[in-house]
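What shape does this take:
(chains A, B, C and D)
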Protein chains: 2
Amino acid sequence: MEETNTLMDRLYGYLHKKGLKQTKQRDLIARTFFSLNTHLKIEELLVEVQKKDPKVGYVTVYRALKLLKESGLAHQRHFGEGQSLFEPAGGGHHDHMICIKCGNITEFEDEVIERRQEEVAKKIGFKIVSHRHEIYGACPKCQEE
Amino acid sequence: MEETNTLMDRLYGYLHKKGLKQTKQRDLIARTFFSLNTHLKIEELLVEVQKKDPKVGYVTVYRALKLLKESGLAHQRHFGEGQSLFEPAGGGHHDHMICIKCGNITEFEDEVIERRQEEVAKKIGFKIVSHRHEIYGACPKCQEE
DNA sequence: TCCTAATTGAAAGTTAATTTCAAATATCAT
DNA sequence: ATGATATTTGAAATTAACTTTCAATTAGGA
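Numbers count the residues shown, from 1 in each chain, chains lettered A, B, ... in the order given. Presented below is the predicted three-dimensional model:
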């Protein structure tokens, strides 16, 4: 996968810059994460990783994701309650629509909302650093039933 | 406080309807919560409640807030990480701006964003049940320094 | 007042995240 | 290639926030 290799290179660059090491576990975890290219719980990624190497433990996946987050290559999301999800930080900014029935997550981006939000903040003199906008409801598939 | 009494009446109505009991602890907790009228962690509300009655425990505050939530008189929010916050559900819907320096929370509501969000969802056939829109950054006061 | 179901509070249990630590491993300098 | 050394790994222990359990207490209708 093309994209995965680019992201791996970025990871190697970060590791080198920080004096950290390249290990086979980290390599496997990051590669798996990037190629799945979706929103995953730590446990879910662990399962995928263990298909390749059953000896890798939860903590190693946990730490690898933490590292990816620090390096800017992954985002950690906290939808609703429960475990957090990680997603590769490939494209630009986007927000999320979460199906409360099947759990499916759709990304969206809307220029009008983004701009309007800037205006709302400016009006009260608030300086935006980040934001999250999540829409919960039923995806098309789950409305059929 | 006028508003507090109205909310207390709504609570009593709910309790009666559900066959639940009116107790001095619940009364104190709800009254304190409504009169503070802000975003509070369970622990924070506990501290306030204990100023009046030191014997009230964490679990009782926890359960009282759960009840207020079920009755629609409080909303539970999960900003960032850590503990959740509860706020009285007095007014209508609103979203939040959170200062990442001082923790101050400002509410906002914008018709343009609300409407636009409906359109975005409609476009992909997603049926909105709820949403949350949080803006993180620096409040006016924290930008001065 | 009495009876019964609801409530309280302390302690125990749960869930997800995080830290600790000894053994293993990667990288740097020979 | 070899050795020295700092990093990494994985299991187990710890933490943090929330939730449940259970015996004793209390509210409120009969």
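
Could you chop chain A up by domain?
A:2-88, A:95-144 (automatic domain parsing).

so how far does the last one reach from one end to the other?
Domain A:95-144 has its terminal residues 25 Å apart, counting by C-alpha to C-alpha, to the nearest Å.

Now name the helix or strand holding A:His131.
Element membership of A:His131 [criterion: DSSP states H and E] is strand A:127-138.

between that strand and strand B:127-138, what angle do the directions make?
Put simply, strand A:127-138 runs at 170 degrees to strand B:127-138, going by axes from the mean of the first three to the mean of the last three C-alpha atoms, to 10 degrees.

Would you reformat the domains of chain A as JSON lines and include distance to DNA strand D?
In this view, the C-beta of every residue, glycine as well, is placed from N, C-alpha and C. Supplementary listing: these in JSON lines, determined by distance: least, C-beta to the nearest atom of the strand, whole Å:
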{"stretch": "domain A:2-88", "distance to DNA strand D": "3"}
{"stretch": "domain A:95-144", "distance to DNA strand D": "17"}
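
The lengthiest helix in chain A: which residues count as buried?
If you go by DSSP state H, chain A has its longest helix at helix A:2-18. For helix A:2-18, the neighbour count (16 or more other C-beta atoms under 10 Å in any protein chain shown) marks A:Thr4, A:Leu7, A:Met8, A:Arg10, A:Leu11, A:Tyr14, A:Leu15 as buried.

thinking the second one is in contact with A:Gly72, fair?
No: in this structure, A:Leu7 is not within contact of A:Gly72 by C-beta atoms under 8 Å, at 10.7 Å.

which residues do those two both contact?
Common contact partners of A:Leu7 and A:Gly72 (C-beta atoms under 8 Å, 6 or more residues apart in numbering or on different chains): none.

Which positions in chain A make contact with DNA strand C?
Neighbours of DNA strand C within chain A, by C-beta under 7 Å from any atom of the strand: A:16, A:21-24, A:41-42, A:58-59, A:62-63, A:66, A:82-84.

circling back: tell me which of the domains of chain A lies nearest to B:Arg31.
Closest approach to B:Arg31 among the domains of chain A (C-beta to C-beta): domain A:2-88, 28.1 Å.

Can the closest one be said to contact chain B?
Yes: for domain A:2-88 and chain B, the contact criterion (C-beta under 8 Å from any C-beta of the partner chain) is met by A:His78, A:Gly80, A:Glu81.

Might you calculate how far that domain sits from the centre of the chain?
Chain-centre distance of domain A:2-88: 9 Å, with C-alpha atoms, centre = their mean, to the nearest Å.

And the average pLDDT for that domain is what?
For domain A:2-88, the mean pLDDT works out to 96.

again, but for stretch A:123-132
Per-residue scores along stretch A:123-132 average to 97.

Send over it as CSV, restricted to the C-alpha atoms.
The C-alpha trace of stretch A:123-132 is given here as CSV (Å, rounded to 0.1, in the frame of the first residue of the first chain):
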residue,chain,number,x,y,z
LYS,A,123,-17.6,37.5,18.5
ILE,A,124,-16.7,36.8,22.1
GLY,A,125,-13.0,37.0,21.7
PHE,A,126,-12.3,33.3,22.0
LYS,A,127,-9.2,32.0,20.2
ILE,A,128,-9.9,28.6,18.7
VAL,A,129,-7.2,25.9,19.1
SER,A,130,-9.2,22.9,18.1
HIS,A,131,-12.8,21.7,18.0
ARG,A,132,-14.8,18.6,17.7
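
Tell me the spatial nearest neighbour of the residue most central in space within chain A, not counting adjacent residues.
When C-alpha atoms, centre = their mean is applied to chain A, the residue found nearest the centroid is A:Glu87 (1.6 Å). Distance criterion C-beta to C-beta, 6 or more residues apart in numbering or on different chains; nearest residue to A:Glu87, sequence neighbours excluded, is A:His39 at 4.7 Å.
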